[in-house]
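Engineer: I need the structure of the sequence given here:
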Amino acid sequence: MSKFPTIGLSGVSPAELSWLSGNWLGQNGQDPVEEHWSPLRGNTLMGMFRWVKDGKVRFYELLAVEQDGAFVFLRIKHFHPGLVGWEEKDRAHEFVLVQLKGQEAVFLELDKPNARWTVYRLEGRDRLVSYFTRENEPVTDTGMFEYTRQ
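Structural biologist: The predicted structure is shown next:
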């Protein structure tokens, strides 16, 4: 039995995730991490992620929350320093929104064996938590991100 639903949630729009908007700073272990989410425009939210380790960028991500037909998707592209892409130029990691309860959004990765979920949750006004997890596995330290609004 899944801890989250596995069917895309229809009838929702990216506007319902506008609570992500803002500048968020946090740490993953001792490493500084940050996410910046733009306000809703063009029925999308756009985000940027940066992870710094030992004073150097470990990697970047470009994120988009987009409507695609009846469903809302989180799409992620990764980049090494120098903006060298990880994924093929016409590919992104795709997660479909499967659950939205208040200010917690659960997305399921598409087309992957042992797919991951990513969860975003706003706790209060100024604390954002996000993490990646797989079925029947605990959330690892490297998969957990806790941020404070700036």
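Engineer: those strands in this structure, which residues are they?
Structural biologist: Secondary structure of the chain (DSSP state E): strands located at 22-28, 31-37, 44-53, 56-68, 71-80, 84-85, 93-101, 104-109, 116-123, 127-134, 144-149.
Engineer: Just name whatever secondary elements the shortest one is in contact with.
Structural biologist: To tie it back to what came earlier, the one meant is strand 84-85. Secondary-structure packing of strand 84-85 (3 or more C-beta pairs under 8 Å, 6 or more residues apart in numbering; DSSP states H and E): strand 71-80. In short, each C-beta sits where N, CA and C put it, glycine included.
Engineer: Then the second one?
Structural biologist: Applying 3+ C-beta pairs under 8 Å, 6+ apart, one finds that strand 31-37 contacts strand 22-28, strand 44-53, strand 56-68, strand 144-149.
Engineer: Show me the one of the ones you listed that comes nearest D111.
Structural biologist: strand 56-68 (14.1 Å; C-beta to C-beta).
Engineer: Quick one: neighbours of T148, just the number.
Structural biologist: By other C-beta atoms under 10 Å, 12 other residues sit near T148.
Engineer: didn't it look like it was pressed against R127?
Structural biologist: Yes. Between T148 and R127 there is a contact at 6.2 Å, judged by C-beta atoms under 8 Å.
Engineer: rewinding a little: adding mean pLDDT and distance to H36, write the helices and strands packed on strand 31-37 out as a markdown table.
Structural biologist: A markdown table is the format used below for the helices and strands packed on strand 31-37 (pLDDT from 0 to 100; distance: least, C-beta to C-beta, whole Å):
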| stretch | mean pLDDT | distance to H36 |
| --- | --- | --- |
| strand 22-28 | 95 | 5 |
| strand 44-53 | 98 | 5 |
| strand 56-68 | 97 | 10 |
| strand 144-149 | 94 | 10 |
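Engineer: okay if I get these as CSV plus distance to T118?
Structural biologist: Listed next are the helices and strands packed on strand 31-37 as CSV, based on distance: least, C-beta to C-beta, whole Å:
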stretch, distance to T118
strand 22-28, 14
strand 44-53, 12
strand 56-68, 10
strand 144-149, 10
